[in-house]
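Visitor: coords please:
(chains A and B)
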There are 2 protein chains.
Amino acid sequence: MATMSLTIAVDLGGTHIRVASYNSESITPVAHFRTRTNAREPGVFDRLVQAIENVWDAKATSIGVASPGPLDPYTGTILATPNIPEWQNFPLASKLSEHFGVPVHIDNDANMAGFGEWTFGAGKGHHNLVYLTISTGVGGGVICNDTLLQGFHGLGAELGHMIVDPNGPPCGCGKNGHVEAFSSGTAIARYANEQIQTGQKTSLPSQGQLTAKQLADAALQGDTLAISAFSRAGHYLGIAVANYLAIFDPSIVIFGGGVSQVGDLLFKPFEESLREHTFHPHYLDDLVIAKAALGDDVGLLGALAWARYKRTRAE
Amino acid sequence: MATMSLTIAVDLGGTHIRVASYNSESITPVAHFRTRTNAREPGVFDRLVQAIENVWDAKATSIGVASPGPLDPYTGTILATPNIPEWQNFPLASKLSEHFGVPVHIDNDANMAGFGEWTFGAGKGHHNLVYLTISTGVGGGVICNDTLLQGFHGLGAELGHMIVDPNGPPCGCGKNGHVEAFSSGTAIARYANEQIQTGQKTSLPSQGQLTAKQLADAALQGDTLAISAFSRAGHYLGIAVANYLAIFDPSIVIFGGGVSQVGDLLFKPFEESLREHTFHPHYLDDLVIAKAALGDDVGLLGALAWARYKRTRAE
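Guide: Residues are numbered from 1 along each chain as shown, chains lettered A, B, ... in the order given. A predicted model of the protein is given here:
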């Protein structure tokens, strides 16, 4: 008879902390709780502990956490994260483990999302998988030979920070020409803003910060400038994915994140660029390009999958 | 008592076929044989069979082959290889296996070299390794979580064909802006030739094909043009390796291949560029940058290591 055990999953986001508890085998939560992170205010750790206590159960045997990075998954330390200024070299896993008395397994949100899609979502059954989340930034998670790519310092699979043009625009991280600097929601909006400033004709407002949503709406109404902003993002995304194919030769590339919801606006130019830039057509044979399947639960389910995986390996 | 078993290793190069036999545990060959490939003349397969027969022993239990690619390591088929025009979708592994009656394991030369360096050479004990060979082309081999990165079609780790500048020069493969098109021996010589044609002052001959050796000699004599050709190659190599760090976060990067022998001419500008372009300084903490340790035997020893590894996994 299998031992009944309960796993706690945590999705620590910039806006919300979500926690849920799951019985073994199930991906339907026994209990679920959500609260605001208030990431820039003191006390994030206390809010996190309280959130977990809301779903805590004496049968819980481990906690999985999807957290913003950069972090060290081997020690469970958050190195620094722009969203939560009070956490600098913050030993999140050991503090949670001390409080709850169970092992705590953490990794960054994109790695956990990739691992979640591989375990429960669009990537089930694949052995080599590339997951890309396109939202304010571009994040990556990679499965290589049926294992999560973490790397020596736990900083692997930072796919958004691959240089695709050394003369490209600055990235949020301060370096230049990363795919995130071309294809993230932030980059698309910035490019559109710059084009407006050069006097290009558009239905978009010339004042204030544009959002990816506004741009998508304008593009769907036929606004040429908005269309070209997505087209450029898709073009560079195609270059980046051509590189990931040559590097990883995955059987599936999965797209998650808000910006990936815009559909053809981004993905038509992406696919054209991918075909143009892929080093050898054989990479595209039977390659699956898929949308993420787990929606907003991807962080929770990734953390759940990871905690279960680590427990199995520890046994 | 361990069963005595003998492994045959084959390094199938554009110029030479090398074969050797090894007793279990040892990396000193029992027998070694070398012959010319005459790759463009018919009969390569027959020459290969004869070469193996020269070192064959009834105790042999498997054959490992390092071959030029692209190839499918799962079926053992050479898809096409520019050096050996008669091999198109050539089922090398099954033909050898049929002839010799033992399992045959093949992969491309760069993957086998990386695997060899990991098993016996500069990369021993590392769990995440990037191997780069810089010669007429740029090839890659990657160990990720203690396994060889091969990918879905067996075309993974084609690190030389990563786009580092979409507006860059053409690569030997026909696409543009790959790191191979900037940093291979061929690319360095072509760039120098182009600069000579623009009338730049140099001690180099203005007629005929330059070799990397000529360029290195001229650079060591202080020739500005030759120095700048290596400097440019090192600069783009630094961009490429910065990308591999963000992608794989290895604990070691190993350089092999003839061009990597030039030393500081290439590696000073490389290191400067790597520091400039690495996304986060933490990737460089305790990162080892090493020269390949196995020299000319890297193909044989990689094929040996791979055949032994596959046998262990099959048992």
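Visitor: Can you tell me the centre-most residue of chain A?
Guide: The central residue of chain A, meaning the one whose C-alpha is nearest the mean C-alpha position (C-alpha atoms, centre = their mean), is residue A:110 at 3.0 Å.
Visitor: Got the phi and psi for that residue?
Guide: Here is the backbone geometry of residue A:110 (degrees, to the nearest 10): phi -70, psi -40.
Visitor: Give the bridge partners for the residue lying closest to it once chain neighbours are set aside, please.
Guide: Spatial nearest neighbour of residue A:110, chain neighbours left out: residue A:139 (3.0 Å); criterion: C-beta to C-beta, 6 or more residues apart in numbering or on different chains. Where C-beta positions appear, they are placed from N, C-alpha and C, glycine not excepted. Note on residue A:139: beta-bridge partners by DSSP bridges are residue A:133.
Visitor: re earlier: the residue nearest to the centre of chain A reaches residue A:135, doesn't it?
Guide: No. Checked against C-beta atoms under 8 Å, the pair residue A:110 and residue A:135 is beyond contact range at 10.0 Å.
Visitor: circling back: could you pull up the residues touching the residue nearest to the centre of chain A?
Guide: With contact set as C-beta atoms under 8 Å, 6 or more residues apart in numbering or on different chains, residue A:110 has these partners: A:131, A:133, A:139, A:140, A:141, A:157.
Visitor: Show me which pair in the residues you listed is furthest apart.
Guide: Pairwise distances across those (C-beta to C-beta) peak at 11.3 Å, for the pair A:133 and A:157.
Visitor: Name the residues contacting each of these two.
Guide: Taking C-beta under 8 Å, 6+ apart as the criterion, residue A:133 and residue A:157 both touch A:110, A:140, A:141.
Visitor: Remind me what the helix or strand bottoming out on mean pLDDT in chain A packs against, helices and strands.
Guide: Confidence across the helices and strands of chain A bottoms out at helix A:212-220, with a mean of 92, counting by mean pLDDT, DSSP states H and E. Using 3 or more C-beta pairs under 8 Å, 6 or more residues apart in numbering or on different chains; DSSP states H and E as the contact definition, the elements that helix A:212-220 packs against are helix A:185-197, helix A:224-248, helix A:264-277.
Visitor: Run through the neighbouring helices and strands of the very next helix or strand once past the longest one.
Guide: Which is helix A:224-248. From helix A:224-248 onward toward the C-terminus, using DSSP states H and E, the following helix or strand is strand A:252-256. Applying 3+ C-beta pairs under 8 Å, 6+ apart, one finds that strand A:252-256 contacts helix A:109-120, strand A:129-134, helix A:224-248, strand A:288-291.
Visitor: and strand A:252-256, how far from the chain's centre?
Guide: 11 Å (C-alpha atoms, centre = their mean, to the nearest Å).
Visitor: again with stretch A:58-72
Guide: 16 Å.
Visitor: Flag every buried residue along it.
Guide: Counting neighbours by 16 or more other C-beta atoms under 10 Å in any protein chain shown, one finds that the buried residues in stretch A:58-72 are A:60-72.
Visitor: sorry, back to before: and for the least confident helix or strand of chain A, what are the contacting residues?
Guide: For helix A:212-220, the external contacting residues (C-beta under 8 Å, 6+ apart) are A:185, A:188-189, A:192, A:202-205, A:225-227, A:229-230, A:258-259, A:262, A:265.
Visitor: what about residue A:258, distance to residue A:19?
Guide: Taking C-beta to C-beta, to the nearest Å as the criterion, residue A:258 is separated from residue A:19 by 22 Å.
Visitor: er, residue A:211 actually
Guide: 29 Å.
Visitor: Have a look at those two and say which one is more surrounded.
Guide: Ranked by neighbour count (other C-beta atoms under 10 Å in any protein chain shown), residue A:211 and residue A:19 place residue A:19 first, with 27 against 14.
Visitor: Am I right that the more buried one sits in a strand?
Guide: Yes. Remark: residue A:19 belongs to a strand, assigned using DSSP: H, G, I helix; E, B strand; the rest coil.
Visitor: what residues does the stretch 101-250 of chain A put near chain B?
Guide: Within the stretch 101-250 of chain A, the positions lying close to chain B (C-beta under 8 Å from any C-beta of the partner chain) are A:127-128, A:142, A:144-145, A:147-159, A:161-167, A:173, A:175, A:178, A:239, A:242-243, A:246-250.
Visitor: Are any of those residues buried, and if so which?
Guide: By neighbour count, with 16+ other C-beta under 10 Å, those hold A:127-128, A:142, A:144-145, A:148-159, A:161-166, A:173, A:175, A:178, A:239, A:242-243, A:246-250 as buried.
Visitor: Which other helices and strands does the host helix or strand of residue A:312 contact?
Guide: Here residue A:312 is covered by helix A:298-314, with elements defined by DSSP H and E. Helices and strands in packing contact with helix A:298-314 are listed as strand A:6-12, strand A:16-23, strand A:60-67, strand A:104-108, helix A:109-120; criterion 3+ C-beta pairs under 8 Å, 6+ apart.
Visitor: Given the third one, what are its sheet partners and their directions?
Guide: This points to strand A:60-67. Strand pairing (DSSP bridges) places strand A:60-67 next to strand A:6-12 (parallel), strand A:104-108 (parallel).
Visitor: Can you lay out the ones you listed as TSV showing distance to residue A:299 and mean pLDDT?
Guide: Rendered in TSV, the data for the strands paired with strand A:60-67 read as follows (distance: least, C-beta to C-beta, whole Å; pLDDT from 0 to 100):
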stretch	distance to residue A:299	mean pLDDT
strand A:6-12	3	98
strand A:104-108	10	98
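Visitor: Name the member of the contacts of residue A:110 with the most neighbours.
Guide: Neighbour counts for those, by other C-beta under 10 Å, peak at residue A:131, which reaches 34 neighbours.
Visitor: contacting residues around the nearest residue to it once chain neighbours are set aside?
Guide: Computed as C-beta to C-beta, 6+ apart, the closest residue to residue A:131 that is not its neighbour in sequence is residue A:114, at 3.4 Å. Under the criterion of C-beta under 8 Å, 6+ apart, the contact list for residue A:114 reads A:123, A:129, A:130, A:131, A:140, A:141, A:142, A:143, A:148, A:157, A:254, A:302.
Visitor: Before I go, just wanted to say thanks for your time.
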